[in-house]
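A.B. asks: below: sequence and its predicted model.
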Amino acid sequence: MSRFVVIGLALLAAYLPVPAGAVGKTRVDPNALRSTSAEKASGTFSADTTQKVTYEARRKTVVSILADLTKMTGVTMRAGWSVEDWQVRDRRMNIFVKDVPLSNLMNSIARVMKFKWSKSGDDNAPIYRLYMDRQVLLGGERQRFIEEEKVRERQTEARQKFMSGLEEAAGMSEDELQKLKVKSPYIYMMTKNGWAGVFASLCAEVPKAKQAWLSGQELVLEMRSLSPTVQQSLMKLQHGLDQEMIDKGILTINNSENLNSGNFGAPFGNATIKFDGPTYETDFQDPESDLAKASGRLRAAYGWSGPDDKADQSEIDRLKNARDRAIAANPMNLDEPLTEHPDDPILSAKVKMNVKGDDFADTVCALAKSSGLAVVSDSFYGQIRGLSFPQDEIQVRAVLDKLESVCRYNWERHSSILELHDRDWFRKRSAQIPDAWLEAWRKAFKDNGLLDLSELSQMAMLTRDQYDVNVYPDDILGKLNLDYVAWEDQDLLRLYAGLTKSQRASILAKQGLSLDSATGDRSHSLVPKGVSEAGLKLVGTREMQGKQIRYTFSLLASNGSTVKQWTIACPVYSPVAKEKPKQSTGQQAGEPESKH
């Protein structure tokens with residue numbers, strides 16, 4: 001597990017309430033290596049697992065799935081080494097199987113989730129336990145470290161090529177730019193977008209900007225401090241920018257939070273322009289990569305003021321497919337390599353994808369129902385974008401290729417079961433948080449009718465990876481656009497999370513809270529650059545507007561002037577008119593289970 005994820009989990013755990021009944025329990029690593037002398041090898045199943053099962057699960061936790069299957073079949077299956085093994089129990093899956101031998105389904109679950117089965121007890125009443133193999137985990141961590149080093153080397157080379165290309169393009173004539181359009185379509189695209197002018201003027205006048213870019217380090221610049229030449233190039237870059245916005249704006253080169261979040265296309269660098277309201281961000285690619293070339297050619301085919309009348313739609317579709325393939329195979333990604341597949345006549349069958357919904361689970365459900373094949377997948381996705389299928393029939397293999405490129409999935413067929421797993425499973429698994437945390441936020445949201453500062457501040461302690469993997473796909477929390485709350489005001493909320501009850505009360509009292517009394521380094525992040533921290537205090541107000549609570553926080557100087565201000569509107573709970581019907585009727589998550 002990467003260091004920043006470990007820190008994020010530890011900090012958040014410190015601020016979350018301890019569940020009832022947990023006092024006095026000793027917490028140990030549930031995945032530590034154990035003696036298995038009383039257990040048989042994984043995959044040795046008894047005769048009762050030959051029975052056939054029909055079962056569906058949409059984004060259900062492993063513990064719920066195994067409880068369902070236990071109730072349906074009479075075969076005892078447990079998730080994790082103990083009830084505290086949330087890293088196994090809380091992982092989510094999609095399953096759509098019909099008349100499949102239970103043993104085949106159990107093997108598919110283990111392969112897709114990178115888990116193993118153990119068997120204990122006698123053959124008349126065996127207990128099967130699904131667990132995470134520590135050796136598999138450590139092997140994955142070693143490989144990830146190696147791949148991260150390789151990616152860092154590629155990123156350094158790519159930043160240099162990108163900078164050199166833009167510097168050269170900035171002085172080109174129109175005839176030279178037309179040649180560049182063929183030679184380097186991505187640099188041509190970035191030049192037409194205005195980035196060549198921005199980088200040329202910025203790096204010429206601000207040497208540390210070029211140093212930050214080439215090193216990959218984050219650099220934050222107040223746009224009002226830049227020269228008129230650089231400011232003019234920025235205004236040409238983004239339509240609608242004016243001098244007033246420039247005076248209040250912040251330019252960030254290599255925004256570290258977004259670069260570490262596994263963004264689309266795995267960029268090697270970015271630039272973010274942020275104002276009081278909107279934020280504009282551009283990710284940059286290696287100009288010599290297949291992804292950059294495909295993106296540049298596709299943009300040129302569309303034209304620069306709308307779709308090109310001369311553009312052939314079939315050519316645009318071809319370029320889109322090339323871009324999607326390049327995304328899936330991008331060497332800057334830390335994903336598993338794509339799995340190669342021989343020709344398979346079964347996958348040549350044509351199906352009509354009648355997808356009812358926009359969740360990943362809806363897509364694999366449609367695939368299972370239309371093809372007659374069973375589908376077992378992991379589930380880090382909730383809603384997905386950019387995935388569509390033609391109204392006419394399409395080959396099963398083409399559907400799988402689409403999931404491979406757009407959703408970055410690997411797949412295999414074992415007998416009648418299609419197994420799919422996220423190629424980025426290792427990073428997303430390491431960003432997983434206990435489902436109990438999510439459930440506590442959901443419960444507070446429903447019971448209180450809103451998410452108040454205590455919950456929002458806990459969410460703000462998450463890393464971006466943790467938010468994207470856990471909160472964003474959630475059926476309830478993911479629909480609230482909480483990133484605009486928990487991320488735009490993250491520094492304030494993180495400070496609030498670490499305050500005592502009396503300190504929180506002081507903020508809302510007339511005297512406010514002296515920033516000096518807020519321990520730790522988080523108070524420093526609230527203070528704008530160039531402002532002295534001496535005598536600053538944080539004062540807040542709480543106002544009811546209908547069912548919504550709106551907080552206004554002001555950072556005040558000793559003379560009473562406002563240094564900085566934040567407004568936070570707490571999301572209000574609105575019950576959905578009709579929830580999705582449950583796909584199965586087994587035991588639910590949290591069923592009592594032996595700890596050993």
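C.D. replies: All right, it came through fine.
A.B. asks: longest helix in the protein, by residue count?
C.D. replies: Of all segments of type helix in the chain, defined using DSSP state H, the longest is helix 134-170.
A.B. asks: which stretch of helix or strand covers residue 543?
C.D. replies: For residue 543, the element it lies in under DSSP states H and E is strand 537-545.
A.B. asks: export that strand to PDB, keeping only CA atoms.
C.D. replies: Backbone C-alpha positions of strand 537-545 (Å, rounded to 0.1, in the frame of the first residue of the first chain) are rendered in PDB as follows:
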ATOM      1  CA  LYS A 537      -8.800  34.100  14.000                       C
ATOM      2  CA  LEU A 538     -11.500  31.900  12.400                       C
ATOM      3  CA  VAL A 539     -15.100  33.000  12.900                       C
ATOM      4  CA  GLY A 540     -18.100  31.300  11.600                       C
ATOM      5  CA  THR A 541     -21.900  31.700  11.300                       C
ATOM      6  CA  ARG A 542     -24.600  29.000  10.800                       C
ATOM      7  CA  GLU A 543     -27.800  29.900   9.000                       C
ATOM      8  CA  MET A 544     -30.800  27.800   8.200                       C
ATOM      9  CA  GLN A 545     -32.300  28.200   4.700                       C
END
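A.B. asks: phi and psi next, for the residue nearest the centre of the chain.
C.D. replies: When the chain is reduced to its mean C-alpha position, the closest residue under C-alpha atoms, centre = their mean turns out to be residue 468, at 3.2 Å. Note on residue 468: backbone dihedrals following degrees, to the nearest 10 are phi -70, psi -40.
A.B. asks: and the gap between it and residue 481?
C.D. replies: As judged by C-beta to C-beta, to the nearest Å, residue 468 and residue 481 stand 13 Å apart. For glycine as for every other residue, the C-beta is placed from the backbone atoms N, C-alpha and C.
A.B. asks: helix or strand next in line after the longest helix of the chain, which one?
C.D. replies: helix 174-183.
A.B. asks: re the thing from before, and the strand holding residue 543, how far out from the chain middle?
C.D. replies: With C-alpha atoms, centre = their mean, to the nearest Å as the basis, the distance from the averaged C-alpha position of strand 537-545 to the chain average is 32 Å.
A.B. asks: next secondary structure after the helix or strand of the chain with the lowest mean pLDDT?
C.D. replies: Across the helices and strands of the chain, the lowest-confidence element by mean pLDDT, DSSP states H and E is helix 3-15, at a mean of 40. Proceeding N to C from helix 3-15, the next assigned helix or strand is strand 52-61, under DSSP H and E.
A.B. asks: so the protein: which segments form each domain?
C.D. replies: Each domain of the chain is listed here as a residue range: 146-317, 436-569, per automatic domain parsing.
A.B. asks: how about residue 549, secondary structure?
C.D. replies: For residue 549, the assignment made with DSSP: H, G, I helix; E, B strand; the rest coil gives strand.
A.B. asks: can I assume residue 542 is in contact with residue 553?
C.D. replies: No. Under the criterion of C-beta atoms under 8 Å, residue 542 is not in contact with residue 553, lying 10.1 Å apart.
A.B. asks: of those two, who's got more company?
C.D. replies: More neighbours sit around residue 553 than around the other of residue 542 and residue 553, counting by other C-beta atoms under 10 Å; the figures are 23 against 13.
A.B. asks: you'd agree that one is up against residue 492?
C.D. replies: Yes. If you go by C-beta under 8 Å, residue 553 and residue 492 touch, sitting 6.2 Å apart.
A.B. asks: okay, and the common contacts of these two?
C.D. replies: Common contacts of residue 553 and residue 492 (C-beta atoms under 8 Å, 6 or more residues apart in numbering): 566, 568.
A.B. asks: quick check: phi and psi at the residue of the chain most remote from its centre.
C.D. replies: In the chain, the residue that sits farthest from the middle, by C-alpha atoms, centre = their mean, is residue 124; the gap is 44.2 Å. Dihedral angles phi and psi of residue 124 (degrees, to the nearest 10) take the values phi -80, psi -30.
A.B. asks: now the closest residue to residue 377 other than its chain neighbours, what are its backbone angles?
C.D. replies: Sequence neighbours aside, residue 420 is the residue nearest to residue 377 in space, at 3.9 Å (criterion: C-beta to C-beta, 6 or more residues apart in numbering). Backbone dihedrals for residue 420, given as degrees, to the nearest 10, come out at phi -120, psi 140.
A.B. asks: the closest residue to residue 353 other than its chain neighbours: what secondary structure?
C.D. replies: In space, residue 353 comes closest to residue 389 once its chain neighbours are excluded; the distance is 4.0 Å by C-beta to C-beta, 6+ apart. Three states are possible here, and by three-state DSSP the one that applies to residue 389 is coil.
A.B. asks: likewise the one 10 residues further on?
C.D. replies: Assigned state for residue 399: helix (three-state reduction, three-state DSSP).
A.B. asks: please determine how far it is located from residue 566.
C.D. replies: As defined by C-beta to C-beta, residue 399 lies at a distance of 46 Å from residue 566.
A.B. asks: ok, these two, which is more surrounded?
C.D. replies: Comparing residue 399 with residue 566 by neighbour count (other C-beta under 10 Å), the higher total belongs to residue 399, at 22 against 17.
A.B. asks: what's that one in contact with, if anything?
C.D. replies: Under the criterion of C-beta under 8 Å, 6+ apart, the contact list for residue 399 reads 351, 353, 367, 389.
A.B. asks: how does it look with 10 Å?
C.D. replies: For residue 399, the contacting residues are 347, 351, 353, 363-364, 366-367, 370-371, 389, 411, 418, by C-beta atoms under 10 Å, 6 or more residues apart in numbering.
A.B. asks: nearest residue to residue 315 other than its sequence neighbours?
C.D. replies: residue 301 (6.2 Å).
A.B. asks: now do the SS call for the one you found.
C.D. replies: In the three-state summary, residue 301 is assigned as helix, counting by three-state DSSP.
A.B. asks: burial check on it, number of neighbours?
C.D. replies: Number of residues near residue 301 (other C-beta under 10 Å) recorded here: 19.
A.B. asks: ok, now how distant is it from residue 318?
C.D. replies: From residue 301 to residue 318 the distance is 9 Å (C-beta to C-beta).
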